[in-house]
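Enquirer: mind looking at a prediction? Sequence and model below.
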Amino acid sequence: MTGGVLANGTKVAYSLTSPVSWVKITQLLTANLDYDAAEVDVTTHGDARRKSIPGLPSAPRLTVRALADLDPTSTPWVDDLFDLEESKADAWWRVEYPTKRDGTQFRGREFQGRVLKCNPLSGDPNDRLELELIVTVTSDIHWDVTAGPSQIS
């Protein structure tokens, strides 16, 4: 089979320090960096069909789901994220996508963002505990120009 690269190997990390020192979010299940593109309806009474033009997009958001047991000894990053949610402080974020199937090369996106929501999701009491994290992007998003080794260890 030829084609794209599987998403396994995607990494998400944050940094509370400058210069950055990445803290990896472990046990990652999903990570999506996207935004909603708005449309403005400009249809007039005599138009045969609806028309629209691009509007202002919403602020991009990073949505992450990870396994978490809320124990600071096994997932210490959880307390940092709860603190960031309460303080509304910006942190640096990095999302890395694999560019080779063997996981040796990545391209990353870096930005500053604010934790909008950090919410444990228990679901079925006999099932796993997940953490949902939503980060609102508060700066420009910088894309690595070329692929290279991971900056997140």
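Expert: It's in.

Enquirer: quick one: classify Ser74 as helix, strand or coil.
Expert: coil (DSSP: H, G, I helix; E, B strand; the rest coil).

Enquirer: neighbours around it, how many?
Expert: Counted with other CB atoms under 10 Å, the neighbours of Ser74 add up to 11. From N, CA and C alone the C-beta is placed, and that goes for glycine too.

Enquirer: equivalent analysis for the one 10 residues further on, please.
Expert: Counted with other CB under 10 Å, residues neighbouring Leu84 total 21.

Enquirer: the closest residue to it other than its chain neighbours bridge partners, please.
Expert: Closest residue to Leu84 apart from its sequence neighbours, by CB to CB, 6 or more residues apart in numbering: Val115 at 4.1 Å. According to DSSP bridges, the residues that bridge with Val115 are Val135.

Enquirer: contacts only, for Val115.
Expert: Residues near Val115 by CB atoms under 8 Å, 6 or more residues apart in numbering: 81, 84-85, 88, 91, 133-135.

Enquirer: gap between it and Lys24?
Expert: Distance from Val115 to Lys24, counting by CB to CB, to the nearest Å: 16 Å.
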